[in-house]
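K.L.:
Sequence and predicted structure below; questions after.
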Amino acid sequence: MSGPAGIWGPTCLACAELAVDEINRRGGLRDRAVSLVIADAGEDPDRVAGVAADLVATDAIDAVVGMHISAVRMALAETLSGQVPYIYTPLYEGGEAHRGVYCLGETPDEQLRPALAWLTSHRRATRWALIGNDYVWPRRSHALARRYIGEMGGSVLVDRYLPLGTEDFDVALDELARSGADAVLMSLVGQDSVHFSRDFAARGLDRRMLRLSMATDENMLLAIGPENTAGLYAAAGYFANIATDGNLSFIERYRARFGVRAPVLSALGQSIYEGFGLLEALDRDDFAPVRPLGYSTTRGSSYLDNRRRLTPIHLAEADGIEFRLLRNLAGPGLSHAN
């Protein structure tokens, strides 16, 4: 709810409320109504973990469904140590193996690799600059990106990391301008990515380089502004304008619950909705699935364990403050909703 990722907070909270309403209409979990306890995961990871530990110790919570950065996930996973189920919903760097942690999100091999391959072959993006925040997800993703880009015959000219909460990108943009790169992988969180993209376009770099992000959503496009989104590509497991029966029904229920001024739907918020769906499915299976679990989802996902999940991946290009779907990188073909 705070910090650079706070831009996603209102959508995540709304999707959590919708999910809990629907679970309770189905009878709750173990014949008990579900209620939300909201904790701000935008603070220091150790502080967030301490809050969660206190909630568990006082029997205030029975499970955690979380959309936050990986640094917080790692602190929570160590602190909770399997005491309560912990469902982690957004994209991440992969490799989570702590007991009692269930990860839904896309990993670089599923999301980043095919996006790089498409841009290499269709947009001739071969000279790359990598810019990210300084923590585990960007660093691990960039290490893999280096490998993927090398396998595709490309090169990495810049690999820079900046603290969370950065607003001044002058030095990084100077380096990009000198680099000769024709594409930038942005592994920046929320508001940091918004500031970077505005400054990037203000310098005219959007006319020289394309941008690729695994974590730019519809909320961020609004904040970046239509004059600053040319040449911006995103890969994700969900976009709000995907025209499937499941998503159209989800949008209808969401709008009925929150009205026309509801927070903008996006992949990060939708992941929280799916997280509660997985909690419900895992509860029925006593948190030890022996077969792929279908669960309440807008996109036909299923889960067996953190390495074996079915999740569609889509590539889109920014068109002003909307995304135009280009192709499916994984999963069934889907069409575009107006």
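P.N.:
Received the coordinates, thanks.
K.L.:
Strands along the stretch 151-300 of the chain, start to end?
P.N.:
Assigned by DSSP state E, counting those that start in this stretch, the strands in the stretch 151-300 of the chain fall at 155-162, 183-187, 210-213, 232-236, 293-294.
K.L.:
Using JSON lines, lay out the ones you listed together with mean neighbour count and distance to residue 97.
P.N.:
C-beta coordinates here come from the backbone N, C-alpha and C atoms, glycine included. Formatted as JSON lines, the strands of the stretch 151-300 of the chain follow (neighbours: other CB atoms under 10 Å; distance: least, CB to CB, whole Å):
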{"stretch": "strand 155-162", "mean neighbour count": "17", "distance to residue 97": "25"}
{"stretch": "strand 183-187", "mean neighbour count": "26", "distance to residue 97": "22"}
{"stretch": "strand 210-213", "mean neighbour count": "23", "distance to residue 97": "27"}
{"stretch": "strand 232-236", "mean neighbour count": "26", "distance to residue 97": "24"}
{"stretch": "strand 293-294", "mean neighbour count": "16", "distance to residue 97": "19"}
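K.L.:
Specify the stretch among these that is closest to residue 85.
P.N.:
Among the strands of the stretch 151-300 of the chain, strand 293-294 comes nearest to residue 85, with 13.2 Å by CB to CB.
K.L.:
For the closest one, which strands pair with it and how are they oriented?
P.N.:
Applying DSSP bridges, strand 293-294 is found paired with strand 302-305 (antiparallel).
K.L.:
Can you give me the distance of residue 289 to residue 230?
P.N.:
Distance of residue 289 to residue 230, computed by CB to CB, to the nearest Å: 44 Å.
K.L.:
can you check residue 128 too?
P.N.:
Per CB to CB, residue 128 is found 19 Å from residue 230.
K.L.:
Neighbour count for these two, which is higher?
P.N.:
Between residue 128 and residue 230, counting by other CB atoms under 10 Å, residue 128 is the more crowded of the two (28 against 15).
K.L.:
quick check, residue 8 in a helix?
P.N.:
Yes. Counting by DSSP: H, G, I helix; E, B strand; the rest coil, residue 8 falls inside a helix.
K.L.:
mind checking pLDDT for it?
P.N.:
Listed pLDDT for residue 8 reads 97.
K.L.:
What about it, how many residues nearby?
P.N.:
Using other CB under 10 Å, residue 8 has 28 neighbouring residues.
K.L.:
Excluding residues flanking it in the chain, which one is nearest it?
P.N.:
Distances taken as CB to CB, 6 or more residues apart in numbering place residue 268 nearest to residue 8, at 4.5 Å, with adjacent residues excluded.
K.L.:
OK, contacts around that neighbour?
P.N.:
By CB atoms under 8 Å, 6 or more residues apart in numbering, the contact set of residue 268 is 8, 11-12, 67, 90, 215, 217.
K.L.:
and with 6 Å instead?
P.N.:
Going by CB atoms under 6 Å, 6 or more residues apart in numbering, residue 268 touches 8, 67, 90, 217.
K.L.:
Could you tell me how far it is located from residue 113?
P.N.:
Going from residue 268 to residue 113 by CB to CB gives 21 Å.
K.L.:
try residue 15
P.N.:
In this structure, residue 15 and residue 113 are 28 Å apart, going by CB to CB.
K.L.:
These two: who's more crowded?
P.N.:
Between residue 15 and residue 113, residue 15 has the larger neighbour count (other CB under 10 Å), namely 30 against 21.
K.L.:
contacting residues for that one?
P.N.:
Applying CB under 6 Å, 6+ apart to residue 15 gives the contacts 269, 272-273.
K.L.:
Could you check the pLDDT of it?
P.N.:
Note for residue 15: predicted pLDDT of 98.
K.L.:
Understood, closing this out.
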